[in-house]
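Colleague: could you work out the structure for the sequence below:
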Amino acid sequence: MFRKFFLTFLATLCLVFVACTKKTDSSDSNSPKTRIGFVIATMKQERYAKDKAYFEAHAQKLGANVEFASCDDKVNVQMSKVETLLSKGIDVLVIQPVNGKAASAIVELAKKDKVPVVAYDRIINNADLDVYVTQDSFRVGVLQAEEAVARTGGKGNYIILSGEAGHSVADAITRGNLSVLAKYPNIKVIVKQNHPLWSTSLALATVENALTRYQNKVDAILANNDGMALGATQALEEQGLTGKVFVAGADADLAAIKDILKGKQTMTVLKGIRPLAETAVEVAVRIARGEKVNADTTTFNGFKEVPTVNTPVFRVVKDNIDSQVVDYGFHTRQSIYGAE
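Modeller: Residues are numbered from 1 along each chain as shown. Here you go, the predicted model:
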């Protein structure tokens, strides 16, 4: 009798335990998900489709929802899009600013709603940022310049094609270029010019003018991105200089990789977009939950030392396209080489 009673008691106890466990799991699954507002300055450049895809996929993996917006590189559109996201009750804002100075007003707006802000890819100046997640843009410039120096024997006339004036990434890449070139007295930077919207056509015009002014005596062109490098290669092709002038870009756009294979462009720098996007998601989720973010360094933005997380960049030349681009999963082998 006692044995029967004891077994019945144990069975009842197990049922209660299972019921409680199920209730806990159900409660966890029904807990509100972190809502991340993710705002990109533009979708016009090839790489940003990757930013969006990697960001959203990793957010889903971490159980977060993403409200996405892009802004066509317009400050007023970006402000409007952020206002809409805030009205939807996002928990954290991850934003790539159209303009690093103007976006301080966006941060202020978010802070009024007690929404923390993560600057993505580009710093926001004079603002109470929570975290800055970026690629090591200074290192991009260093890699470009070091390769150029090796290819030109540390001498010659150089052109630097910088992106938007006052843009933190453009500034950092160009500073990286100059930090290396300053060590070589036989290198002369004959042109260093900014280009609104990182324009291919404006970069083309800059190089055309320089080639005319210096009678085609140009040894290297360092472009802040592959779009401007494309402008440079087009200008060189017009003068029959394809393959005779070192050309560096950044972002590892598919068109640039193909131009490297053709000998039109010499190198690019693959900025790890997947680590950038995934790190930004992880940082956003941590901040929304009130958890600590482990930063690599800090960046002074005119208001405060902003905790900064850097993600890696890689040198890409013709000889390492397979290992650095294909094996890394950035572009497929077929998209680069076609059917073989």
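
Colleague: next up, the contacts around T34.
Modeller: 62-65, 91-92, 284-285, 288-289 (Cβ atoms under 8 Å, 6 or more residues apart in numbering). For glycine as for every other residue, the C-beta is placed from the backbone atoms N, C-alpha and C.

Colleague: since we're on the residue nearest to V82 when sequence neighbours are not counted, how many residues are nearby?
Modeller: Leaving aside its chain neighbours, V82 sits nearest to I106 (5.1 Å; criterion: Cβ to Cβ, 6 or more residues apart in numbering). Other residues near I106 number 25, with proximity taken as other Cβ atoms under 10 Å.

Colleague: got the contact list for the helix or strand hosting I106?
Modeller: In the assignment (DSSP states H and E), I106 maps to helix 104-112. Outside helix 104-112, the residues within contact range by Cβ under 8 Å, 6+ apart are 78-79, 82-83, 86, 93, 95, 97, 116-117, 124-129, 303.

Colleague: inside strands: which ones of the contacts of T34?
Modeller: In this view, the contacts of T34 that belong to strands under DSSP state E are 65, 92.

Colleague: need the phi and psi values for the nearest residue to E238 once chain neighbours are set aside.
Modeller: Nearest non-adjacent residue to E238, counting by Cβ to Cβ, 6+ apart: E208, 7.2 Å away. Main-chain torsions, E208, degrees, to the nearest 10: phi -60, psi -50.

Colleague: I'd say E208 and A235 touch.
Modeller: Yes. Proximity of E208 to A235 meets the contact threshold set by Cβ atoms under 8 Å, at 4.7 Å.

Colleague: quick one: which of the two has more around it?
Modeller: A235 (25 against 17).

Colleague: so which strand or helix has that one?
Modeller: Following DSSP H and E, one finds A235 within helix 226-238.

Colleague: can you list contacts of that helix?
Modeller: With Cβ under 8 Å, 6+ apart, helix 226-238 has contacts from 45, 159, 161, 163, 195, 198-208, 211, 221, 223, 242, 244-245, 247-253, 255-256, 259, 264-265, 268.

Colleague: buried only: go through these for me.
Modeller: Buried by 16 or more other Cβ atoms under 10 Å: 45, 159, 161, 163, 195, 198-200, 202-204, 206-208, 211, 221, 223, 242, 245, 247-253, 255-256, 259, 264-265, 268, out of those.

Colleague: please list the members of these that lie in helices.
Modeller: The members of the buried ones among the contacts of helix 226-238 that map onto helices under DSSP state H are 200, 202-204, 206-208, 211, 255-256, 259.

Colleague: for E291, which three-state class applies?
Modeller: Using DSSP: H, G, I helix; E, B strand; the rest coil, the structure places E291 in coil.

Colleague: what does V39 give?
Modeller: Going by three-state DSSP: V39 is strand.

Colleague: filter the contacts of helix 104-112 down to the buried ones.
Modeller: Using 16+ other Cβ under 10 Å as the burial test, the contacts of helix 104-112 include 78-79, 82, 86, 93, 95, 97, 116-117, 124-129 as buried.

Colleague: so which bits of stretch 211-223 are buried?
Modeller: For stretch 211-223, by 16+ other Cβ under 10 Å, it's 211, 218-223.
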